[in-house]
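K.L.:
Give me coordinates for this.
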Amino acid sequence: MSEQNYDVQTVEQIWQMAKNDLESSLSPAIFNTWILPSPLVQLTIVDDLKAEATISCMTAFHVTNLKSNLYLPIKTALEKYVNRPIEINFIVGNRSPQQGREGFTQADQRIQKNKKIALNNENAMDDTSSRPDLLSPTVDELFSYSNIKNNTVDRYVLTAKQIGLKTDYTFKNFAVDPSNQMAHAAATKVASSLGTSYNPLFLYGGVGVGKTHLMHAIANYVLKNNPDSNIVFCTGEQFTNEIIRSIQNKNSAQFRNKYRKADLLLLDDIQFIAGKKSVQEEFFHTFNALTANNSQVVLTSDLPPHEISLLEDRIRSRFEAGLIIDIQQPTLELRTAILLLKAETGHINIPNHLAQKIASQVDSARRIEGIIQKIRSAVELQGAEINSELIDVILKKEIRQNHQTTLRVKPQDIIQSVGNHYHLKQSAIKGGRRNKHLVRARHVAMYLLRQELNSSLEEIGQWFGGRDHTSVIHAVKKIEQELLVDEDLAQDLSALKMSLIAVSK
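P.N.:
Residues are numbered from 1 along each chain as shown. From the prediction side, this is the model:
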């Protein structure tokens, strides 16, 4: 197959489609500053497995920035419409007469507008000697004072995406209550003083308790305050796969250079490396190199170190030398707060009573996000109104899907979940005191042991101070009867079942 150059009209069409994709994935400031004034001017099909694209840039600085920070997004967007791998060449000027006129014109107008705003801004610096962007016309066009301020934010967003961070996972958007207060406090301390406090920080807990959110929040805080920080974020599975690839490709030095020179290493689901000898070996040396250099390590897991089977003792001991924090399943109040926070971030107005209704039947922050997305889709795509009827339909589907999950929990997990839900100590639930609040919780725990684990009456009685089987029968029947008329109790049980499903995963 000989080389084939696309005609101008086809190039413009492909670039327009690629720009649409880029505009939806990049911030408006990044798109307007770097993509809009840099049109695709030539597209050549080399063979069935290769194409070459040429993009024209306003200045050499645009070339440098596009190569360094936006090459992959542009490449991905173009390959979608060319259906083969693409190599991109960036040139300064030299665009064809038909290409890029609109993009350059809009960019020129925007830059001149920003330039005037900056020069007239009351808050701009008066001393032009300290503002080199005003000394040269070329640099002036690129870096007005307002552009510099905007590009600081743009750089953070772009870098966060490159690292793999969710920019909405911040400390500000993290709802705090007693179940996660210590974890939140430790994470904020680590973020403000990398490598000097709680190194490593080890967070563990079930699905949807906020471990990953806090990990992202640490990285986002560090990145905003020091954009030059070398941050590496990955899952245990990604870490493992990178080690395997580095061994296969014989480029272990590149892998070590990436991980051992980090200022902040965040490894999500570290339990994934257990049982993998070569991976644990590499992690052990990486961990030692980082801590020796006072770099910060943050780890998450679904289990504490001593419960992770097939984890080498030398690695376990290093985890235990730092701060280990258990994040409990969120209470109903916390789930409600999380839902309202996430809804506000997504510009969705959910009334408090509906938020409580959802939180009573959804166990984790992860599933709460899914519910919010379903609500958003119903509102935006179907024109639905956010009311009790809509929430009932969405929750019915959600509950039906989760009821297909088999519980794999122990009796003590059920008693602990009931205690967390009702804000009671396990010892009080198991004990002999008979105030109304305690009796309700005790009966609920017995009911769940019978219904969910099919425990024998005698076994259940043993968990509650050696009560006889008649007491257990009374408790189970009482809950069954009250469920017919007590909606609050039904919501309590639904919430507890959702929590237990999360624990069992």
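
K.L.:
Tell me the predicted confidence for the residue most central in space within the chain.
P.N.:
For the chain, residue 166 is the residue whose C-alpha lies nearest the centre (C-alpha atoms, centre = their mean; 4.6 Å). Looking at residue 166, its pLDDT reads 90.

K.L.:
Who are the contact partners of the closest residue to it other than its chain neighbours?
P.N.:
Spatial nearest neighbour of residue 166, excluding adjacent residues (C-beta to C-beta, 6 or more residues apart in numbering): residue 216 at 5.2 Å. For glycine as for every other residue, the C-beta is placed from the backbone atoms N, C-alpha and C. Counting by C-beta atoms under 8 Å, 6 or more residues apart in numbering, residue 216 touches 165-166, 169-170, 233.

K.L.:
Let's verify residue 216: helix, strand, or coil?
P.N.:
With DSSP: H, G, I helix; E, B strand; the rest coil as the basis, residue 216 sits in helix.

K.L.:
What's the per-residue pLDDT of it here?
P.N.:
At residue 216, pLDDT is 96.

K.L.:
And residue 95, by the same measure?
P.N.:
Per-residue pLDDT puts residue 95 at 48.

K.L.:
any weak-confidence spans in this structure?
P.N.:
The chain contains residues with pLDDT under 70 at 1-2, 94-154, 363, 399-407, 498, 502-505.

K.L.:
Can you show me the strands along it?
P.N.:
4-5, 40-47, 50-57, 86-92, 201-205, 231-235, 264-268, 296-301, 323-327 (DSSP state E).

K.L.:
Let me see the residues that make contact with the third one.
P.N.:
So the one you mean is strand 50-57. The contact list for strand 50-57, computed with C-beta under 8 Å, 6+ apart, reads 37-46, 63, 66, 74, 78, 82, 84-95, 99-100.

K.L.:
Mark which of those residues are buried, thanks.
P.N.:
Buried members of the contacts of strand 50-57, counted by 16 or more other C-beta atoms under 10 Å: 37-46, 63, 66, 74, 78, 86, 88, 90, 95, 99-100.

K.L.:
State the distance from residue 285 to residue 278.
P.N.:
11 Å (C-beta to C-beta, to the nearest Å).

K.L.:
Give me the number of neighbouring residues for residue 60.
P.N.:
Residue 60 has 12 neighbouring residues, counting by other C-beta atoms under 10 Å.

K.L.:
go on, the one 5 residues further on?
P.N.:
Burial of residue 65, expressed as a neighbour count using other C-beta under 10 Å, amounts to 22.

K.L.:
mind listing what the residue lying closest to it once chain neighbours are set aside touches?
P.N.:
Excluding the flanking residues, the one nearest residue 65 by C-beta to C-beta, 6+ apart is residue 34, at 6.2 Å. Listed by C-beta under 8 Å, 6+ apart, the contact partners of residue 34 are 62, 65-66, 70.

K.L.:
Run a quick neighbour tally on residue 191.
P.N.:
So residue 191, with other C-beta under 10 Å, has 23 neighbours.

K.L.:
Equivalent analysis for residue 172, please.
P.N.:
10.

K.L.:
backbone phi and psi for it, please?
P.N.:
Residue 172 adopts backbone torsions of phi -60, psi -30, taken as degrees, to the nearest 10.

K.L.:
now swap in residue 193 and tell me
P.N.:
When read as degrees, to the nearest 10, the backbone of residue 193 gives phi -150, psi 70.

K.L.:
and the gap between it and residue 226?
P.N.:
Distance from residue 193 to residue 226, by C-beta to C-beta: 12 Å.

K.L.:
Same question for residue 333.
P.N.:
For residue 333, the distance to residue 226 - C-beta to C-beta - is 35 Å.
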